[in-house]
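# task: produce atomic coordinates for the following.
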Amino acid sequence: MSQLITPYGKFTLLQFDTEQEFERAIVSHIPDIFGQRRIYLDCKRRIGAKDGKQSVPDAYLIDLSRPREPQLYVVENELCAHDLFRHIGVQLLQFSVSFAQAGRRIKQILFDEICQQPSAKERCEKYAAEGGFRNLDHFLDALVLDKKFQALVIIDEETDDLHAVIRNLGFPVEIIEFSTYSNEKRELIHRFEPFLADVEAGLVEVTPVGEKKATGDPSGLDTVVVPAHEDGFEETFIGENRWYAVRIHPTMAAQLKYIAAYVTAPVQAITHYAPIRSIEPWENTGKMVINFADPAKEIGPLKAIKNGKVSHLQGLRYTTIEKLKKATSLDEVF
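Numbering: from 1, shown residues only. Alright, predicted model coming up:
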């Protein structure tokens with residue numbers, strides 16, 4: 001049984017008895033999971049053609065992080081102890097069919113839910129005005145109609161079986177692992193990575209009062225920078241013209257055009273970059289292999305500067321090829 005050892009005692013992984021308990025834990029931490037640029041609509045209403053297969057999503061997520069390009073995710077909250085093929089694979093396929101058949105119905109559901117939440121309505125109307133949409137109705141057209149289906153699975157444990165199920169569904173599926181731990185006093189600790197946290201890592205500004213706030217536009221990011229040990233870098237990045245196993249969000253995979261390598265100690269610098277030919281699933285791990293279109297080229301080296309905002313890279317980061325080529329240090333890359 002997985003455990004966390006903290007200054008406040010030992011916490012043991014909690015197995016939820018029902019999906020309803022799991023969902024209540026998720027909903028109580030929506031701002032922490034999704035930030036201020038997304039709206040989680042916790043509604044369960046039937047969608048689909050009247051004479052066809054209908055389904056009931058757990059929730060909808062409206063992503064307002066991309067100006068003029070709002071994104072909608074159909075949410076499935078699930079426990080890994082359940083039959084993942086039936087509870088996730090089949091469910092998501094049904095959702096995708098219903099989404100294609102009942103766009104107007106989904107638009108009406110979203111409109112009703114947004115109007116019931118004054119803060120959500122205010123945020124959507126502000127986004128619509130800033131993005132050049134005529135009104136809330138026009139905004140919802142752009143959010144729902146003629147859009148490709150996207151799903152978000154929130155699960156208590158991310159497993160290879162889960163990735164095997166969603167690998168061949170034919171549409172993007174984002175995953176959030178949301179685990180809960182409990183001590184003897186029934187005090188809880190939740191472990192999760194906020195939605196698209198690595199994407200927004202380079203889009204954060206610090207307000208005058210010291211608060212960190214995501215502000216930038218992720219739609220322009222076209223380059224992923226990956227940390228690499230020196231031996232693996234030489235063998236794979238240079239020797240094989242590819243890099244694996246990389247956790248790339250489906251949301252980002254379609255827009256990436258370049259990959260760059262940050263070689264860890266003792267080099268501690270971005271030294272090479274390459275154009276991307278393809279990004280493909282890496283076995284059933286939920287990670288990707290990035291294949292290069294051409295051999296990697298030297299750049300920099302781009303190192304940290306004294307007292308800079310970026311000291312070293314522990315995980316992948318996103319940037320643009322324009323910033324990468326103009327940069328003289330890590331600070332200027334991100």
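
# give me the three-state assignment for residue 305.
Recorded secondary structure, residue 305: coil (DSSP: H, G, I helix; E, B strand; the rest coil).

# can you give me the pLDDT of the residue nearest in space to the middle of the chain?
The geometric centre of the chain, computed from its C-alpha atoms, lies nearest to residue 196 (Cα atoms, centre = their mean), at 3.3 Å. pLDDT for residue 196: 93.

# pull the contacting residues for it.
65, 174, 218, 249, 251 (Cβ atoms under 8 Å, 6 or more residues apart in numbering). All C-beta spots, glycine's among them, are computed from the backbone N, C-alpha and C.

# for the protein, which spans come out with low pLDDT?
Within the chain, the stretches with pLDDT under 70 are 1, 48-53, 202, 204-215.

# neighbour-wise, which of the contacts of residue 196 leads?
Using other Cβ atoms under 10 Å as the contact criterion, the top neighbour count among the contacts of residue 196 goes to residue 65, which has 25 neighbours.

# nearest spatial neighbour of that one, chain-adjacent residues omitted?
Counting by Cβ to Cβ, 6 or more residues apart in numbering, the nearest residue to residue 65 once its immediate chain neighbours are dropped is residue 37, at 4.3 Å.

# thought the one you found was touching residue 66?
No: between residue 37 and residue 66 there is no contact, the gap being 9.0 Å when judged by Cβ atoms under 8 Å.

# more neighbours, the two?
Comparing residue 37 with residue 66 by other Cβ under 10 Å, the one with more neighbours is residue 37, at 20 against 15.

# quick check on that one: phi, psi?
Dihedral pair for residue 37: phi -110, psi 20, per degrees, to the nearest 10.

# and if you look at residue 158?
Note on residue 158: backbone dihedrals following degrees, to the nearest 10 are phi -90, psi 120.

# equivalent analysis for the one 5 residues further on, please.
Phi and psi for residue 163, reported as degrees, to the nearest 10, are phi -70, psi -30.

# so residue 170, which of the three states?
coil.

# run a quick neighbour tally on it.
A count of neighbours around residue 170, defined by other Cβ under 10 Å, yields 10.

# wait, what's in contact with the closest residue in space to it that isn't next to it in sequence?
Nearest residue to residue 170 in three dimensions, chain neighbours excluded: residue 96, at 7.9 Å (Cβ to Cβ, 6+ apart). Applying Cβ under 8 Å, 6+ apart to residue 96 gives the contacts 149, 151, 169, 170, 171.

# let's see 10 Å
Contacts were defined as Cβ atoms under 10 Å, 6 or more residues apart in numbering; by that measure residue 96 touches 55, 74, 148, 149, 150, 151, 169, 170, 171.

# do the same with residue 111
With contacts defined as Cβ under 10 Å, 6+ apart, residue 111 is in contact with 121, 124, 136, 137, 139, 140, 144.

# quick check: it is in a helix.
Yes: counting by three-state DSSP, residue 111 is part of a helix.

# can you give me the helices in this structure?
Using DSSP state H, the helices of the chain run over 19-27, 30-34, 84, 91-101, 103-115, 118-131, 136-144, 160-166, 197-200, 230-232, 250-253, 321-326, 330-333.

# what's the most buried one of these?
Each of those was given a mean neighbour count from mean count of other Cβ atoms under 10 Å, and the largest, a mean of 22, is that of helix 84.

# who's the residue lying closest to residue 42 once chain neighbours are set aside bridged to?
Using Cβ to Cβ, 6+ apart and skipping the chain neighbours, the partner closest in space to residue 42 is residue 59 (5.1 Å). Partner residues in beta bridges with residue 59, using DSSP bridges, are residue 75.

# look up how far residue 44 lies from residue 59.
Here residue 59 is placed at a distance of 8 Å from residue 44 (Cβ to Cβ, to the nearest Å).

# ditto for residue 160
Look at residue 160 and residue 44: by Cβ to Cβ, they are 29 Å apart.

# ok, residue 324 next?
Computed with Cβ to Cβ, the distance linking residue 324 and residue 44 is 44 Å.

# so residue 3 is in contact with residue 191, correct?
No: contact between residue 3 and residue 191 fails when scored by Cβ atoms under 10 Å: they sit 11.6 Å apart.

# anything in contact with each of the two?
Between them, residue 3 and residue 191 share these contacting residues under Cβ under 10 Å, 6+ apart: 11, 13, 181.

# of the residues you listed, select the buried ones using a PyMOL command.
Per 16 or more other Cβ atoms under 10 Å, the buried members of the shared contacts of residue 3 and residue 191 correspond to this PyMOL selection:
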select buried, resi 11+181
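
# contacts for stretch 3-23, please.
Judged by Cβ under 10 Å, 6+ apart, the contacts made with stretch 3-23 from elsewhere in the structure are 1-2, 24-25, 42, 44, 58-59, 75-82, 87, 154-157, 178-191.
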